[in-house]
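> Predicted model and sequence follow; I will ask about them next.
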Amino acid sequence: MRRGAALVRAFPRVLHLGVARTATIGIVGGVGPYAALDLARKICDETLANRDQDHLPFALFSYPEEIADRTAFILGETELNPAHPILAVIAELERAGCRVVGIPCNSAHAPAIWDVITRELALRNSTVRLLNMVEESAAFVTTTWPGLRRVGVLSTVGTQRSGVYPEVFGRHGMEVIALAEPRLSELIHASIYDPTFGIKAQPSPVSERARGNALAAVEAVRAAGAEAVLLACTELPLAVPEHMLGGTPIVDSTQVLARALVRAVAPGLLRPQEGRR
């Protein structure tokens, strides 16, 4: 993280000018890079603002080459736990004055990664409040659609194998409907990772094949009884920006995290959710 050292040393002096009076939001970038940019945009989207000065301060540090792929680690394809470089980014954000941090990567919330991050933050007596995207998504669905019981969850193979969504949503009384792995790999995993058409390779604009696969996956979990569909990979909202498909709500986990971050630092500036679905 040496390349960011000069910026980290300089950034607090900017904050001391008295311009930023609201707690600064921190974004862990590089997990993937476009997902972090999408989160930054959605923080602005979810903020009630009429001028530049009404927006919330945030910092985004992105060191993608230093953070191992989260799914590869979960699947045992690498021994490099991405928790450690993610911790280094959080430390830089904390030194830059951030007090609330989000990681726009669902796979990073798998226990094998997330538990290391939270344990180390506690051992370091970090003052950062790290929001959990999975917990926030469950709370969002529960609050927005009381009584909903079956949620389709579309994620990477790594996130699905970690079991984090069924565990968290189960505590909220909801059943997770997911694709079986052969179909999940074909429709979602390839659409994220394939070097010829995947979203990581072609994020802007997303390829027609990746979007088509994502829409087919949405339809598959809808047909299996999902009352709402959660895009539980932060690349997927780049392919499926709709909030409703075939009468079924589509939940964007990046938007959920953005709203949670805004709420954490300035609840009075959170844009109302009513009527936006």
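Alright, I've got the coordinates.
> roughly how far out does stretch 230-242 sit from the chain middle?
With CA atoms, centre = their mean, to the nearest Å as the basis, stretch 230-242 stands 10 Å off its chain's centre.
> neighbours around residue 240, how many?
Taking other CB atoms under 10 Å as the criterion, the count of residues near residue 240 is 20. No exception for glycine: its C-beta is placed from N, CA and C like everyone else's.
> give the contact list for the nearest residue to it once chain neighbours are set aside.
Using CB to CB, 6 or more residues apart in numbering and skipping residues adjacent in sequence, the residue nearest residue 240 is residue 214, 5.1 Å away. Residue 214 makes contact with 154, 187-188, 191, 236, 239-240 under the criterion CB atoms under 8 Å, 6 or more residues apart in numbering.
> Out of those residues, who's the most crowded?
residue 236 (31 neighbours).
> Show me what the strand or helix carrying residue 153 is in contact with.
If you go by DSSP states H and E, residue 153 is part of strand 150-154. With contact meaning CB under 8 Å, 6+ apart, strand 150-154 is reached by 141, 160, 165, 169, 174-179, 188, 214, 217-218, 221-222, 224-233, 236, 251.
> Send me stretch 29-49 as PDB with only the CA atoms.
Output in PDB follows, covering the C-alpha atoms of stretch 29-49 (Å, rounded to 0.1, in the frame of the first residue of the first chain):
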ATOM      1  CA  GLY A  29     -12.200  -0.500  -3.900                       C
ATOM      2  CA  GLY A  30     -10.700  -3.100  -6.200                       C
ATOM      3  CA  VAL A  31     -13.200  -5.800  -5.400                       C
ATOM      4  CA  GLY A  32     -14.000  -5.300  -8.300                       C
ATOM      5  CA  PRO A  33     -13.200  -1.800  -9.400                       C
ATOM      6  CA  TYR A  34     -16.400  -1.100 -11.300                       C
ATOM      7  CA  ALA A  35     -18.500  -2.300  -8.400                       C
ATOM      8  CA  ALA A  36     -16.800   0.300  -6.100                       C
ATOM      9  CA  LEU A  37     -17.500   3.000  -8.700                       C
ATOM     10  CA  ASP A  38     -21.100   1.900  -8.800                       C
ATOM     11  CA  LEU A  39     -21.300   2.100  -5.000                       C
ATOM     12  CA  ALA A  40     -19.900   5.700  -5.000                       C
ATOM     13  CA  ARG A  41     -22.400   6.700  -7.600                       C
ATOM     14  CA  LYS A  42     -25.300   5.200  -5.700                       C
ATOM     15  CA  ILE A  43     -24.200   6.900  -2.500                       C
ATOM     16  CA  CYS A  44     -24.700  10.200  -4.400                       C
ATOM     17  CA  ASP A  45     -28.000   8.800  -5.800                       C
ATOM     18  CA  GLU A  46     -29.300   7.900  -2.400                       C
ATOM     19  CA  THR A  47     -28.500  11.300  -0.900                       C
ATOM     20  CA  LEU A  48     -30.900  14.200  -0.800                       C
ATOM     21  CA  ALA A  49     -28.900  17.000  -2.400                       C
END
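> That'll do, ta.
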